[in-house]
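1. Quick one: sequence and predicted model below, then my questions.
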Amino acid sequence: MARREDRLQKLQSELAPLTKNIEIIVCDVSDFDNLQQKMRELLDVDMVILNAGISLGHSLEITPFAEFKRLYDVNVLSNHAILEVLLPKFLEKKSGKIVFISSLASLFSMPSSKVYSSSKRALNAYAEGLRYKYEPHGIKVINILPGFIKSELTYKNKFYMPFLLDTISGAKAIKKAIDRDKKFYAFPTRFYFLITLFKTLPPFLKQKIIKTLFH
């Protein structure tokens, strides 16, 4: 499911040698009414990978409300719009797998990416709550936090991106985490470690480092 039908059709043809049973759905996830209708039309679902996400780029300016709302519609609210329809189906058969694609940016909010980071942190909290609620009912909830991966989302970044992964490597890491039913998976490991280490610094020291980077 995606917005651009031409790309979906291209992907469908590329995957045709592997399986003929591929259905494409053209939908903008921020159109909630249409999105939920598409979900209701699905007869059976074993797993949903919630990968839709947008970024506003990096800026220290105040974000216009319309852009702020658009980002939250896609990055946060669309996930609940989908799951409001699918969760009852998972509960009925006492199985299912929900995969959230969050971000390492959710762990620490830089001044230039506060909107994106906050949306992904909201996603973390939502995923955690769902896991506690629905795992006893046989539903697995997986939250994956990638670092920088080459994509349309990162092409707009004009700064150095540490531990940048190519698209295939990033996809393979995500697939492996899904196959292993990782409840929480953050990668690349070295990048996750550095962010975790930075978060343990005293507040005054973190403030000093950020001030040096952005002023």
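-> Right, received. Where do you want to start?

2. Select the longest strand from the protein.
-> In the chain, assigned by DSSP state E, the strand with the most residues is strand 139-146.

3. For that one, name the packing helices and strands.
-> Judged by 3 or more Cβ pairs under 8 Å, 6 or more residues apart in numbering; DSSP states H and E, strand 139-146 is in contact with helix 78-93, strand 96-101, helix 114-134, helix 167-179, strand 184-187. All C-beta spots, glycine's among them, are computed from the backbone N, C-alpha and C.

4. quick check: mean pLDDT across it?
-> Strand 139-146 comes out with an average pLDDT of 98.

5. Format the helices and strands packed on strand 139-146 as JSON lines; extra columns: mean neighbour count, distance to residue 207 and mean pLDDT.
-> What follows is those, written out as JSON lines (neighbours: other Cβ atoms under 10 Å; distance: least, Cβ to Cβ, whole Å; pLDDT from 0 to 100):
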{"stretch": "helix 78-93", "mean neighbour count": "17", "distance to residue 207": "32", "mean pLDDT": "97"}
{"stretch": "strand 96-101", "mean neighbour count": "20", "distance to residue 207": "30", "mean pLDDT": "98"}
{"stretch": "helix 114-134", "mean neighbour count": "18", "distance to residue 207": "15", "mean pLDDT": "97"}
{"stretch": "helix 167-179", "mean neighbour count": "14", "distance to residue 207": "32", "mean pLDDT": "96"}
{"stretch": "strand 184-187", "mean neighbour count": "20", "distance to residue 207": "24", "mean pLDDT": "97"}
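
6. I'd like those as JSON lines, with distance to residue 150 appended.
-> Putting the helices and strands packed on strand 139-146 into JSON lines (distance: least, Cβ to Cβ, whole Å) gives the following:
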{"stretch": "helix 78-93", "distance to residue 150": "23"}
{"stretch": "strand 96-101", "distance to residue 150": "15"}
{"stretch": "helix 114-134", "distance to residue 150": "17"}
{"stretch": "helix 167-179", "distance to residue 150": "5"}
{"stretch": "strand 184-187", "distance to residue 150": "15"}
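
7. circling back to that earlier point, and the longest strand of the chain with helix 167-179, angle?
-> Calculated by axes from the mean of the first three to the mean of the last three Cα atoms, to 10 degrees, strand 139-146 forms an angle of 150 degrees with helix 167-179.

8. And the following helix or strand past strand 139-146, what does it pack against?
-> Proceeding N to C from strand 139-146, the next assigned helix or strand is helix 152-155, under DSSP states H and E. Applying 3+ Cβ pairs under 8 Å, 6+ apart, one finds that helix 152-155 contacts no other helix or strand.

9. neighbouring contacts of helix 152-155?
-> Where contact means Cβ atoms under 8 Å, 6 or more residues apart in numbering, the residues beyond helix 152-155 that reach it are 53-55, 148, 161, 164.

10. Please state the offset of that helix from the chain centre?
-> Helix 152-155 has its C-alpha centroid displaced from the chain centroid by 14 Å (Cα atoms, centre = their mean, to the nearest Å).

11. what do you get for stretch 56-74?
-> Offset of stretch 56-74 from its chain centre (Cα atoms, centre = their mean): 17 Å.
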